[in-house]
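S.K.: Quick one: sequence and predicted model below, then my questions.
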Amino acid sequence: MTIGGSYMLHQLMKKYGFNGTMQLIWTGDHLDPDLRDVVDTLDDMEETELRTLDFRLTQVEVFIERTKCKGGSADGAHLLDLQTFLRTKTELGALSHDLDKLAFQVDSISTQGNPEAKDKKKRLSTRLVKMMATTDALMKECGVTM
């Protein structure tokens, strides 16, 4: 084995441990198949569901800010269109429900003690908590009660 190969093996052992390095060499992935499924599930949640919810939340925030800039208020008293206001309240309620549902799904995933999976789960949970706090603040501002 060359010096470069030894160094690379040493770096892999530091990063993944012996079992992870052997798994990487043998299968091409440092994670066990079950753990790979967990990490892939978390990635999918972040890339699809969380992205969609983030887009919906941004749309509601923009609508409320535009309304304020036009001299209206977020509580519906001066909104230009009552139907739009009711849709916004409904969207906030649905968004809150969908965020809660996704948070439950994320919390129910077992990371099996793997640091990579734990970091992904923690990052996803942190983003969800921030989005939930923003949604709650907007609901309060619009007078939505759940």
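M.R.: On my side now, so go ahead.

S.K.: so how far is the longest helix along the chain from its chain's centroid?
M.R.: Taking DSSP state H as the criterion, the chain has its longest helix at helix 115-142. Remark: helix 115-142 is offset 7 Å from the chain centroid, using C-alpha atoms, centre = their mean, to the nearest Å.

S.K.: cool, stretch 107-119 as well?
M.R.: 14 Å.

S.K.: Kindly export that stretch (C-alpha atoms) in CSV.
M.R.: What follows is stretch 107-119, C-alpha atoms only, in CSV (Å, rounded to 0.1, in the frame of the first residue of the first chain):
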residue,chain,number,x,y,z
ASP,A,107,-39.6,13.0,15.8
SER,A,108,-40.7,9.4,15.2
ILE,A,109,-37.6,8.5,13.1
SER,A,110,-34.9,6.6,15.1
THR,A,111,-31.4,7.7,14.2
GLN,A,112,-30.0,4.5,15.8
GLY,A,113,-27.3,6.6,17.5
ASN,A,114,-25.6,7.5,14.3
PRO,A,115,-24.0,11.1,14.4
GLU,A,116,-24.8,11.8,10.8
ALA,A,117,-28.4,10.9,11.1
LYS,A,118,-28.7,12.8,14.4
ASP,A,119,-27.3,15.9,12.8
